[in-house]
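# For reference, the sequence and a predicted model appear below.
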Amino acid sequence: MAETVITLRLNQQQLELLDRTIAQGVAPDRVSLVRLALREYAAARKADGTAR
Amino acid sequence: MISRQIISEFTLQPGTGKAIELLKGQILRVEQVEGGQCADFNCFNLHDYKEFMHCGRTRTVHGFHPTKGTFMWSAPPRERAMLYILEDTVGRNDVLFPRCSAYVYEASYGFAVHTNCHDIQAEAQREYGLTPDDVHDSFNLFMCTGVDADGHAFMTRQTTKPGDHVDLLALMDVLAVPNVCGADVMKTSNFALKPLKLTVFTATEADLAQVPKTPILASQRTPKDFRNPVIKTDRPLCRDPSYRPEFPNTPIVVSELPIALTAEEVADFNAVKRTDIYGDDDAAALRDLLFSWWEERFLQAHAGAPSIETK
């Protein structure tokens, strides 16, 4: 499967927030959390018919 | 206690204000006598005047017109609920407008001297040793305001009647300072200055039971937490040669986090990414998406406002 890599640039505070979210069991790791965010964010906009 | 006990009553005459020691568990009622009168209001921690009510924080939490069921908050870094609005028979208060001042009446109306909320507050606060520089941004009771289409705040007339009142319950010992707004040539108080009645009650158990719990957080700092807890007593600002900056969480260090996306995920991303802001910078657009998602899913308060929910 073709993949596209986007490299996020995050500071230590932003990473801390991700890690605390992961610790709640939302996703197993940082990459999974970002991909979950993308899926949910896009799905929410598809559902309400807005691209932004 | 079943019924409220009256501790004191006072009539605030036009052109005046009154500093009142309002202890934790006491209620200050500010009441219309004739109707149509705005009251400006300042509030300080009675035991540490450097903690004072902050309209900026209050409007961020509760909007531009705080009313029954909201709090008056102190400024950062204290950020504590100082007062709870237990009752508001009108529901129209303001935290947009600053206090009126002598400058306004001189510059706009040509008065050499005119009643104004800043000077009235300063004179009332002088009873407790405060100076005109200590008067802070005003919580404006019964003031009818809004924001017009071009972003300017406006004020208009009010519809308050005799007996309308706001009850403020002290959640800490405070110096509460209401004043009769000095504006008689503006719509604020319907072009007249009228008295206001002040009553201090002891809250009942039922009153106290109405107050929602607010968080107690480490970030609500007091002088014992300050690197410099000493109140400066002289006026010039002089550099401290021993100063070494200790900004929190610095240096800010940026790390890279590669995210491999499937073709389907790329399609989803392309459908929602903010190219209008980030152009072809997909990394910035994905970072925006990530934290926008986080706000939508986890943030309890408006973005940028502190949550006041307790867990």
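Now that the structure is in, tell me what you want to look at.
# Quick one: the strands in the stretch 201-311 of chain B, in order.
With DSSP state E, counting those that start in this stretch as the criterion, the stretch 201-311 of chain B has strands at B:254-262.
# got the contact list for residue 10?
No chain specified, so I'll use chain A. If you count contacts by CB atoms under 8 Å, 6 or more residues apart in numbering or on different chains, A:Leu10 has them with A:Leu18, B:Val254, B:Ser255, B:Leu257, B:Arg287. Yep, even glycine has a C-beta here, placed from its N, CA and C like the rest.
# wrong one, chain B
So B:Phe10 contacts B:Lys18, B:Ile20, B:Lys197, B:Leu198, B:Thr199 (CB under 8 Å, 6+ apart).
# Please name the nearest non-neighbouring residue to B:Glu106.
B:Ala112 (6.9 Å; CB to CB, 6 or more residues apart in numbering or on different chains).
# Kindly report the same for B:His165.
Nearest to B:His165 is B:Glu31, by CB to CB, 6+ apart, at 4.0 Å.
# so which helix or strand takes in the one you found?
Assessed by DSSP states H and E, B:Glu31 sits inside strand B:26-32.
# The next helix or strand after that strand - contacts with which helices or strands?
Along the chain past strand B:26-32, the next helix or strand (assigned with DSSP H and E) turns out to be strand B:39-45. Where contact means 3 or more CB pairs under 8 Å, 6 or more residues apart in numbering or on different chains; DSSP states H and E, strand B:39-45 is packed against strand B:48-52, strand B:81-88, helix B:117-125, strand B:139-141, strand B:174-180.
# Run me through the strand neighbours of the first one, direction for each.
Spelled out, it's strand B:48-52. Strand B:48-52 has its sheet partners listed here by DSSP bridges as strand B:39-45 (antiparallel).
# likewise the second one?
Here the strand partners of strand B:81-88, with direction, are listed using DSSP bridges: strand B:71-73 (antiparallel), strand B:165-170 (antiparallel).
# returning to that earlier point: how many other residues sit next to the residue nearest to B:His165?
Neighbour count for B:Glu31, taken as other CB atoms under 10 Å in any protein chain shown: 22.
# Mind listing the residues bridging to it?
B:His165, B:Lys197.
# follow-up on the earlier one: just how off-centre is the strand holding B:Glu31 within its chain?
Chain-centre distance of strand B:26-32: 18 Å, with CA atoms, centre = their mean, to the nearest Å.
# Show the pLDDT at the residue nearest to B:Glu106.
Per-residue pLDDT puts B:Ala112 at 97.
# do B:Gly304 as well
Residue-level confidence at B:Gly304 comes out at 74, pLDDT.
# With the one 5 residues further on instead?
For B:Glu309, the pLDDT comes out at 74.
# Contacts only, for the residue nearest the centre of chain B.
Centre of chain B computed as the mean C-alpha position; nearest residue by CA atoms, centre = their mean is B:Cys55, 2.2 Å away. Counting by CB under 8 Å, 6+ apart, B:Cys55 makes contact with B:Val95, B:Asp137, B:Ser138, B:Phe139.
# distance of it from chain A?
The spacing between B:Cys55 and chain A, counted by CB to the nearest CB, to the nearest Å, is 28 Å.
# can you list the residues that contact the longest helix along chain A?
When chain A is parsed with DSSP state H, its longest helix is helix A:30-48. For helix A:30-48, contacts defined as CB under 8 Å, 6+ apart pick out A:8, A:15, A:18-19, A:21-22, A:26-27, A:51-52, B:257-261, B:265, B:268-269, B:271-272, B:286, B:289-290, B:292-294, B:296-297.
# Go again with 6 Å.
A:Leu18, A:Ile22, A:Ala27, B:Leu257, B:Ile259, B:Glu265, B:Asp268, B:Phe269, B:Val272, B:Leu289, B:Leu290, B:Trp293 (CB atoms under 6 Å, 6 or more residues apart in numbering or on different chains).
# go on, stretch B:240-257?
Contacts of stretch B:240-257 (CB under 6 Å, 6+ apart): A:Thr7, A:Leu8, A:Arg9, A:Leu10, A:Asn11, A:Gln12, A:Arg30.
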